[in-house]
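1. can you look at this prediction? I've put the sequence above it.
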Amino acid sequence: MSVYTLAKKIVQEGIDQGQQAGYGEQEMARALMAEVLNVYRRERSLVDIAHELNFLADNLDEDIDYAFMRP
């Protein structure tokens, strides 16, 4: 199992548990993101984290190639 498949499974399980506890999917997503950022802070600089988040935000549209890709 790839790390991405494992992460997807864990996130879905968290969302399911959150819904059983009365939390919405978006609430859980925000809480999970906050925890991911806490993990990043253990070993990465704030600037590095900001660069990664900006890259991800700039490339949210899955139908468009990443900015660094060539046709």
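-> Cool, the structure landed.

2. name the element the most centrally placed residue in the chain belongs to?
-> The centroid of the chain falls nearest to residue 33 when counting by CA atoms, centre = their mean (5.8 Å). Assigned by DSSP states H and E, residue 33 belongs to helix 25-43.

3. what comes into contact with that helix?
-> Contacts to helix 25-43, defined as CB atoms under 8 Å, 6 or more residues apart in numbering, come from residues 11, 14-15, 18-19, 23, 49, 52. For the C-beta atoms, the positions are set from N, CA and C on the backbone; glycine is no exception.

4. just to revisit the earlier point, which pLDDT value goes with the residue nearest to the centre of the chain?
-> Note on residue 33: pLDDT of 95.

5. next one: residue 66
-> Note on residue 66: pLDDT of 59.

6. same question for residue 70.
-> Note for residue 70: predicted pLDDT of 52.

7. same deal with residue 23?
-> So, for residue 23, pLDDT stands at 97.
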